[in-house]
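In: coordinates for the following, if possible.
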Amino acid sequence: MMLNYRPKMFDEASKSHASKKLFVIILCFIAVFIVVIVLESLVSGIVSWTPLKDELANADTEHIWQESMEASKKVMSDPKIMVPTLIGTVFGTLTAMFYCRFIEMRPIRSMGAVKKRCIPDYLIGLVIGAALMTAIVAMSNLTGASKTVMCEKVEYGTIALFLLGFFVQGMSEEFIFRGYLLTTIGGAGYHTAVGVGITSVGFALAHAANPGFGAVPFINLTMFGVFAALYMILTDSIWGVSAIHSIWNFTQGNLYGISVSGSADTESVMRTSAVSEKAWLTGGEFGIEGSIFTTVALGIGIAAVLFLLNKKAAKAAPAQ
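Out: Residues are numbered from 1 along each chain as shown. I've put the predicted structure just below:
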């Protein structure tokens, strides 16, 4: 069975000097994650401080929290703020790599950062990620839940910068949750399902503060985490899933013009607007990632990866 399958990166990660106790592993991850948030917030804070201060200059103190959230969303819609913020997430990748290499004392390749097939894996990941999001938007449009139209004016230079930003951002989240946490749990000898489950729920909860977060977005983000973890185990590499994550966000936000996990709308080739008033169809404020169409697409994706993993596990199993 697939859930008993252990990729080579888990064997590499077993050389870690980290504690083998799951509770300690999770506590260490929380500490590392807090460091990542602080480091990434420095970039965001520096570039957004002045415009945010200007937006809140005349804010109503009785509704300061609500106005702060609205001002923050407005400021973050500015490419001059959002692109540097996305690129600033490189601290997530660097922190995860530093922790695994110098604290856990294990090789970087144990995080799935291998040279073999890195370019083909990345290119395949780009195709898969773009196809998944396109399928989700197509289902939404075909059922009348949303409508997608071409934008009259498109700043392709700005969109290219967003592509670069999402390449960094998607890779960062994968190095943190899959490259670091998943392989640490797998390397400690725990069942593959334990690592997949913990990292997927943790990934979803990391988005809990995003606007519009709720039950369906939580389920879908958890499912994305499961899909990403299984895909990384299937390929025994982090590059493919990093590409899937990056292009998923870019295609969603800058191709189809949809809010990415509740973030502000920004420059895009097309603009997708909700037609239905039902949040479970459109995703509401969270964006299409909170819709039932994302649930369907990820369910099919997970089933496909499980099928391929079962085939790979059966092939790798010794003859009886």
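In: look up how far Leu281 lies from the residue lying closest to Gly144 once chain neighbours are set aside.
Out: Nearest non-adjacent residue to Gly144, counting by Cβ to Cβ, 6 or more residues apart in numbering: Val275, 5.8 Å away. C-beta coordinates here come from the backbone N, C-alpha and C atoms, glycine included. In this view, Val275 and Leu281 are 9 Å apart by Cβ to Cβ, to the nearest Å.
In: kindly list the longest helix within this structure.
Out: Longest helix in the chain, counting residues (DSSP state H): helix 22-55.
In: pull the distance from that helix to the chain's centre.
Out: 16 Å (Cα atoms, centre = their mean, to the nearest Å).
In: and the angle for the helix or strand just after that helix with helix 22-55?
Out: Remark: after helix 22-55, the chain's next helix or strand is helix 64-76, criterion DSSP states H and E. Between the axes of helix 64-76 and helix 22-55, defined by axes from the mean of the first three to the mean of the last three Cα atoms, to 10 degrees, the angle is 80 degrees.
In: all further residue positions should be reported with the first residue as 58.
Out: Yes, from this point I'll number from 58; that puts the last item at helix 121-133.
In: which parts of stretch 123-130 are buried?
Out: If you call a residue buried by 16 or more other Cβ atoms under 10 Å, then stretch 123-130 has these buried ones: Glu124, Ala128, Ser129, Lys130.
In: average model confidence for that stretch?
Out: Mean per-residue pLDDT for stretch 123-130: 73.
In: what lies in contact with that stretch?
Out: With Cβ atoms under 8 Å, 6 or more residues apart in numbering as the test, stretch 123-130 has contacts from Ser105, Leu109, Glu112, Leu113, Ala116, Asp117, Pro268, Ser320, Ala321.
In: change it to 7 Å
Out: Stretch 123-130 is contacted by residues Leu109, Glu112, Leu113, Ala116, Asp117, Pro268, Ala321 when judged by Cβ atoms under 7 Å, 6 or more residues apart in numbering.
In: likewise stretch 261-273?
Out: Residues outside stretch 261-273 that contact it (Cβ under 7 Å, 6+ apart): Lys130, Phe275, Leu278, Thr279, Gly282, Ser318, Gly319, Trp337, Gly341, Glu342, Phe343, Gly347.
In: check which helix or strand covers the closest residue in space to Arg174 that isn't next to it in sequence.
Out: Using Cβ to Cβ, 6+ apart and skipping residues adjacent in sequence, the residue nearest Arg174 is Ser294, 6.8 Å away. If you go by DSSP H and E, Ser294 is not part of any helix or strand.
In: so Ser294 touches Tyr179, yeah?
Out: No. Using Cβ atoms under 7 Å, Ser294 is not in contact with Tyr179; the gap is 9.0 Å.
In: check the gap between Glu230 and Ser318 for me.
Out: 11 Å.
In: who's more crowded, those two?
Out: Comparing Glu230 with Ser318 by other Cβ atoms under 10 Å, the one with more neighbours is Glu230, at 25 against 20.
In: ok, and the closest non-adjacent residue to the more buried one?
Out: Here the residue nearest Glu230, using Cβ to Cβ, 6+ apart, is His302, at 6.2 Å.
In: report whether Lys204 is found in a strand, as I expect.
Out: Yes. Going by DSSP: H, G, I helix; E, B strand; the rest coil, the assignment for Lys204 places it inside a strand.
In: pLDDT score for it?
Out: pLDDT, Lys204: 98.
In: that one: neighbour count?
Out: With other Cβ under 10 Å as criterion, Lys204 counts 12.
In: tell me who's in contact with it.
Out: Neighbours of Lys204 in contact, by Cβ under 7 Å, 6+ apart: Asn198, Ser330, Val332.
In: among the residues you listed, which lie within helices?
Out: Using DSSP H, these in helices are Asn198.
In: identify the contacts common to Val332 and Leu338.
Out: Ala202.
In: strands of the protein, start to end?
Out: 203-207, 327-331 (DSSP state E).
In: make a markdown table out of the ones you listed and add distance to Val81.
Out: Shown next, in a markdown table, are the strands of the chain (distance: least, Cβ to Cβ, whole Å):
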| stretch | distance to Val81 |
| --- | --- |
| strand 203-207 | 45 |
| strand 327-331 | 44 |
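In: any idea which of those is most buried?
Out: Mean neighbours per residue, mean count of other Cβ atoms under 10 Å, is largest over the strands of the chain for strand 327-331, with a mean of 17.
In: other residues contacting that strand?
Out: Val194, Ser203, Lys204, Thr205, Val206, Met207, Cys208, Leu312, Tyr313, Gly314, Ile315, Thr339.
In: would you list those in JSON lines and tack on distance to Lys369?
Out: Compiled in JSON lines, the contacts of strand 327-331 are given as follows (distance: Cβ to Cβ, whole Å):
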{"residue": "Val194", "distance to Lys369": "31"}
{"residue": "Ser203", "distance to Lys369": "37"}
{"residue": "Lys204", "distance to Lys369": "41"}
{"residue": "Thr205", "distance to Lys369": "37"}
{"residue": "Val206", "distance to Lys369": "42"}
{"residue": "Met207", "distance to Lys369": "42"}
{"residue": "Cys208", "distance to Lys369": "42"}
{"residue": "Leu312", "distance to Lys369": "32"}
{"residue": "Tyr313", "distance to Lys369": "33"}
{"residue": "Gly314", "distance to Lys369": "38"}
{"residue": "Ile315", "distance to Lys369": "34"}
{"residue": "Thr339", "distance to Lys369": "37"}
